[in-house]
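**Q** Just the structure for this:
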Amino acid sequence: DRDKESVMTFTGKGKKNERSDELKLRIRELEEKLIQAREELAKNSEETSPVAALAPAPVSHKGYLYRWLDRTIGWGGTKWSLRFVSLERGRIAYFGSHRDADPRYLLGLRGCAVRDEGYKPNKRFKIPGTPSLTTPGAYFHVFCIYTRVIQNIEDDDDEVEICPLLRFSTASLAEKTQWMTLISEGCAYADTDAFLDDEKALQEEEERQREQQLSMANTMPQARKGTL
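**A** Take a look at the predicted model:
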């Protein structure tokens, strides 16, 4: 009986040792994979330029907003006009509608910033009590795009005179927040060298198209009176 117990004990220790060896082997394999993963991550980090990784990316967004027709007139509701607005690669433009091919106004956002200008109640919105700011249609949420000014550190931002280049409003607070965030990103992109490269390429393309149109006009036979 003692011999049997000794054999069983030895067998149990042998199995434990086998499991222990398997665990150690598994741990060693995991450690090697972890080391490989860290080396791969470090290699990718070295290949990626820190400037490129932190550089703002161009953003795009489109939708309808109310545009303030004249900043010197006041806050009258009739002075706001619905326009289709397009934000694309550091430029913002508005159109009469989404069907228009050419913008009525185009603004490059280099040196610009966006500012929250609060809200004004929608007088045509009627419900009992006072609606919350998130109630769709209850308020017009206003923001503007302006040229950044150089100011002293001691100056209070609220005391600096802002001359808006464009002022927009929307009946949705969430939509206003989204537009302001994207326009801020567009302004950041417009301050990069990539934006200047885009501007140069765009001007070259426009010049090429003008030359092509002029060349086509010169090569076309002149229409004579009475031939049409």
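**Q** what's next to stretch 176-185, contact-wise?
**A** Contacts to stretch 176-185, defined as Cβ atoms under 8 Å, 6 or more residues apart in numbering, come from residues 56-57, 59, 61, 63, 65, 87, 92, 109, 113-114, 116, 141-143, 145, 168-170. C-beta here means a position set from N, CA and C on the backbone, and glycine is covered the same way.
**Q** send the alpha carbons of it over as PDB?
**A** The C-alpha coordinates for stretch 176-185 follow below in PDB (Å, rounded to 0.1, in the frame of the first residue of the first chain):
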ATOM      1  CA  LYS A 176     -24.800  75.000 -34.100                       C
ATOM      2  CA  THR A 177     -22.300  73.100 -31.900                       C
ATOM      3  CA  GLN A 178     -21.400  70.800 -34.800                       C
ATOM      4  CA  TRP A 179     -20.900  73.700 -37.300                       C
ATOM      5  CA  MET A 180     -18.700  75.600 -34.800                       C
ATOM      6  CA  THR A 181     -16.600  72.500 -34.100                       C
ATOM      7  CA  LEU A 182     -16.100  71.800 -37.800                       C
ATOM      8  CA  ILE A 183     -15.400  75.400 -38.700                       C
ATOM      9  CA  SER A 184     -12.800  75.600 -35.900                       C
ATOM     10  CA  GLU A 185     -11.100  72.600 -37.400                       C
END
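**Q** pLDDT-wise, which helix or strand of the protein ranks last?
**A** Least confident helix or strand, the chain: helix 50-54 with a mean of 47, by mean pLDDT, DSSP states H and E.
**Q** C-terminal to that helix, what's the next element?
**A** Tracing the chain past helix 50-54, the next element assigned as helix or strand by DSSP states H and E is strand 60-68.
**Q** Could I get the full set of strands for the chain?
**A** For the chain, applying DSSP state E gives strands covering 60-68, 80-88, 91-95, 105-108, 112-121, 139-147, 164-170.
**Q** Among these, single out whichever gets nearest to Thr219.
**A** Closest approach to Thr219 among those is made by strand 105-108 (30.9 Å; Cβ to Cβ).
**Q** Just the buried positions in the closest one, please.
**A** Leu107, Gly108 (16 or more other Cβ atoms under 10 Å).
**Q** Next: stretch 132-140.
**A** Taking 16+ other Cβ under 10 Å as the criterion, stretch 132-140 shows Ala138, Tyr139, Phe140 as buried.
**Q** Where does the prediction get shaky in the protein?
**A** Residues of the chain meeting the criterion pLDDT under 70: 1-18, 42-55, 70-78, 150-161, 221-228.
**Q** Walking through it, point out its helices one by one.
**A** For the chain, the helices defined by DSSP state H occupy 2-47, 50-54, 173-190, 193-219.
**Q** and those, which is most packed in?
**A** Stretch with highest mean neighbour count among the helices of the chain: helix 173-190 (a mean of 18; mean count of other Cβ atoms under 10 Å).
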